[in-house]
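Participant: Mind looking at a prediction? Sequence and model below.
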Amino acid sequence: MEPWKEDLVHSFQTIECERQVFAMAAELARGLGFDYCTYGLRTPIPLTRPKTAMYSNYPLAWQAIYQEKEYLVIDPTVQQAIRSLSPILWSDDLFAPTPELWEEAQSFGLRAGLAQICRDAGGMTGLLVLARSGEAVTTTEWQTKACHIMWLVQAVHLCMARIVAPKLMPALAVELCRQEAEVLRWTGDGKTSGEIADILQLSERTVNFHISKVITKLQVNNKTAAVLQASMLGLL
């Protein structure tokens, strides 16, 4: 591993405050030629209303407008990032479907930028956006800085997921014993409690006990939700 990579990873691993993580990310972004930095973390569950945490040094007035007009829902940068792991370079074409958003963003000096998403094994999604008031980010510039930006994205996301995710989603701290996980896996395969009892050589009462215990641990309403959540959290 190259020295700068080791230094970057070590620096983030020693931080225990999300605000300090973001401050370091913003400083590194400036070193890469970007005035502004935004990072968002989204949980994989609940599916209908995932919990999010946002950190930004965009102009406060723009942050207020962005939130008031719910631009997050239609922001092409965010929408495209959700569907792809590829870097997203800002352009007039990218923002063509949302001209008002693009015009207002530029009025606050946000005229050029790029976004890169990161997903981890636990299902947490992080999006890092770097922006500036100067010239557009070209493909050549991206290729030149890609290695540093990708490492920055990974380092920020791993650190934020470690610090922030447990606050957003307490279920991350849940642990399943071997039999609980086995019962839940077979449940996910569509087996009944009676069938699972035969497969694992347990009583049906014991199987139902394990299912009930997992439902309580994950704070869900039924075994279907328990299977889904446990799967998305990497517990199976």
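Facilitator: Looks like it arrived, so ask away. Just so we're clear, the structure is a prediction, and the values are computed from it rather than from any experiment.
Participant: Give me the buried stretch members for stretch 19-28, please.
Facilitator: By neighbour count on 16 or more other Cβ atoms under 10 Å, the buried set for stretch 19-28 is 21-22, 24-26, 28. Yep, even glycine has a C-beta here, placed from its N, CA and C like the rest.
Participant: which one of those residues sits closest to residue 196?
Facilitator: Using Cβ to Cβ, the shortest approach to residue 196 within the buried residues of stretch 19-28 belongs to residue 21, at 43.2 Å.
Participant: gap between the closest one and residue 53?
Facilitator: Between residue 21 and residue 53 the computed distance is 11 Å (Cβ to Cβ, to the nearest Å).
Participant: Then residue 219?
Facilitator: From residue 219 over to residue 53 the distance is 20 Å, taken as Cβ to Cβ.
Participant: do the same with residue 124
Facilitator: For residue 124, the distance to residue 53 (Cβ to Cβ) stands at 10 Å.
Participant: More neighbours: the two, which one.
Facilitator: Relative neighbour count places residue 124 above the other of residue 124 and residue 53, with 24 against 17, counting by other Cβ atoms under 10 Å.
Participant: dump the residue contacts of the more buried one.
Facilitator: The contact partners of residue 124, by Cβ atoms under 8 Å, 6 or more residues apart in numbering, come to 41-44, 157, 161, 165.
Participant: ok, these vs residue 137, which is closest?
Facilitator: Distances from the contacts of residue 124 to residue 137 were compared by Cβ to Cβ; the smallest belongs to residue 157, at 20.4 Å.
Participant: Surely that closest one is in contact with residue 116?
Facilitator: No: in terms of Cβ atoms under 8 Å, residue 157 does not count as a neighbour of residue 116; the distance is 9.7 Å.
Participant: Pull up the overlap in contacts between those two.
Facilitator: Common neighbours of residue 157 and residue 116 (criterion: Cβ under 8 Å, 6+ apart): residue 128.
Participant: Ramachandran angles for the residue lying farthest from the centre of the chain?
Facilitator: Relative to the centre of the chain, the most outlying C-alpha is that of residue 203, 40.4 Å out, by Cα atoms, centre = their mean. Summarising the backbone geometry of residue 203 under the convention degrees, to the nearest 10, its torsions are phi -80, psi 150.
Participant: That one against residue 194, yeah?
Facilitator: No: under the criterion of Cβ under 8 Å, residue 203 makes no contact with residue 194, lying 10.0 Å away.
Participant: what sits in contact with each of residue 21 and residue 53?
Facilitator: Counting by Cβ under 8 Å, 6+ apart, the shared contacts of residue 21 and residue 53 are residue 160.
Participant: thinking again about what came up before, name the residues contacting each of residue 124 and residue 53.
Facilitator: residue 41.
Participant: any chance of the buried residues of stretch 19-28 in JSON lines, plus distance to residue 86?
Facilitator: Supplementary listing: these in JSON lines, determined by distance: Cβ to Cβ, whole Å:
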{"residue": "21", "distance to residue 86": "24"}
{"residue": "22", "distance to residue 86": "24"}
{"residue": "24", "distance to residue 86": "25"}
{"residue": "25", "distance to residue 86": "21"}
{"residue": "26", "distance to residue 86": "24"}
{"residue": "28", "distance to residue 86": "21"}
